[in-house]
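starting from these lines, generate the structure:
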Amino acid sequence: MTGTSALEKVLRHDRLIAAVGLAGVVALAWLYLVAGAGIDMSMAGMPMEPMRWSAFDAALVFTMWWVMMIAMMVPSATPMILLFTTIRCKQGASVNPPMEAWIFLSGYLLIWAGFSLVATLAQWGLEHIGLPAATASTNTVRGSVILIAAGLYQFTPIKSACLRYCQSPVLFLSQHWRPGAAGALRMGLRHGNYCLGCCWFLMALLFVGGVMNLVWIAGIALYVAFEKLLPLGHRLSRATGVALVVWGTVVLARTT
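Numbering: from 1, shown residues only. Below you'll find the model as predicted:
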């Protein structure tokens with residue numbers, strides 16, 4: 001076996017470990033959501049009085065949001081993490097590429113944990129005033145405003161800047177590379193920030209379709225993957241922005 005072929009075998013092995021690990025994380029997250037995420041949906045669709053949450057309720061909802069973000073965002077972040085693993089492999093035997101890939105992923109998911117905390121507080125606020133968020137919104141004004149705002153956000157400079165890095169792992173890693181395990185964590189945090197800036201308003205659409213609506217969860221996750229992975233530049237993002245604004249405007253016009 002030549003030195004080159006042995007190196008290629010090692011690289012494939014480490015990438016395979018990382019890919020299988022990521023697939024396992026995503027599969028477990030989806031299983032948790034399909035099983036109901038521990039949320040009692042028996043009251044869905046019924047008129048609700050303002051609800052009081054216990055600490056356990058809050059922890060359950062936060063966990064649901066975080067697992068949902070893992071299920072929705074890790075698939076589209078996989079090319080970035082695999083490229084990171086490949087580069088680490090080529091840097092020599094002194095590094096542990098699969099371990100540093102997990103550290104990178106941990107930083108990425110910490111950012112989405114922060115978003116999940118904010119989403120949990122938003123859901124608590126809605127339910128505190130008697131507006132359930134677990135199911136599709138019956139408040140058409142609220143729904144239309146979110147749709148229009150999410151559509152307009154697709155045209156903002158921050159959306160464009162963040163999407164640019166999310167679409168190009170090579171660009172991100174070439175500009176933000178840091179050595180060592182601490183560097184992997186910093187890169188994961190930074191990449192998580194870009195993905196958050198790119199996708200947070202799309203996640204807010206769950207307050208329109210229902211936080212535990214699996215069809216909306218799968219649809220938004222699929223769209224995020226298309227937006228980040230297909231070679232369409234900003235065209236898909238802007239076309240979606242137009243569609244969301246039109247959708248929200250039509251809903252609002254029918255309401256008023």
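
C-terminal to the lengthiest helix in the chain, what's the next element?
For the chain, the helix with the greatest residue count under DSSP state H is helix 55-90. Moving toward the C-terminus from helix 55-90, the next helix or strand (DSSP states H and E) is helix 97-128.

report the inter-axis angle for that next one versus helix 55-90.
Interaxial angle of helix 97-128 relative to helix 55-90 (axes from the mean of the first three to the mean of the last three C-alpha atoms, to 10 degrees): 150 degrees.

what helices or strands is the longest helix of the chain leaning on?
Under the contact criterion of 3 or more C-beta pairs under 8 Å, 6 or more residues apart in numbering; DSSP states H and E, helix 55-90 touches helix 3-34, helix 97-128, helix 169-176, helix 180-204, helix 214-229. The C-beta positions use only the backbone N, C-alpha and C, and glycine is treated the same way.

rounded mean pLDDT for the third one, please.
Averaged across helix 169-176, pLDDT comes to 94.

and if you look at stretch 125-140?
Across stretch 125-140, pLDDT averages out at 72.

how about stretch 54-67?
Average pLDDT, stretch 54-67: 92.

now do that stretch: distance to the chain's middle.
17 Å (C-alpha atoms, centre = their mean, to the nearest Å).

same question, stretch 187-196
From the chain centre to the centre of stretch 187-196 is a distance of 11 Å (C-alpha atoms, centre = their mean).

retrieve the pLDDT associated with the nearest residue to Ala161 once chain neighbours are set aside.
Once flanking residues are discounted, Ala161 sits nearest to Gly197: 7.4 Å by C-beta to C-beta, 6 or more residues apart in numbering. Per-residue confidence at Gly197 stands at 96 (pLDDT).

what about Gly197, neighbour count?
Per other C-beta atoms under 10 Å, the neighbour tally for Gly197 reads 20.

what do you get for Ala218?
Ala218 has 14 nearby residues by other C-beta under 10 Å.

do the same with Leu31
11.

try Val170
Neighbour count for Val170, taken as other C-beta under 10 Å: 10.

distance check, Gly188 against Gly233.
25 Å (C-beta to C-beta, to the nearest Å).

more neighbours: those two, which one.
Neighbours per residue (other C-beta under 10 Å) separate Gly188 from Gly233, with Gly188 holding more: 26 against 12.

residue nearest the centroid of the protein?
Nearest to the mean C-alpha position of the chain, counting by C-alpha atoms, centre = their mean, stands Met73 at 3.2 Å.

quick one: contacts for it?
Met73 makes contacts with Tyr108, Trp112, Cys195, Cys199, Ala221, Val224, as judged by C-beta atoms under 8 Å, 6 or more residues apart in numbering.

return the distance of it relative to Val251.
Applying C-beta to C-beta to Met73 and Val251 gives a distance of 27 Å.

what of Pro97?
In terms of C-beta to C-beta, Pro97 sits 48 Å off from Val251.
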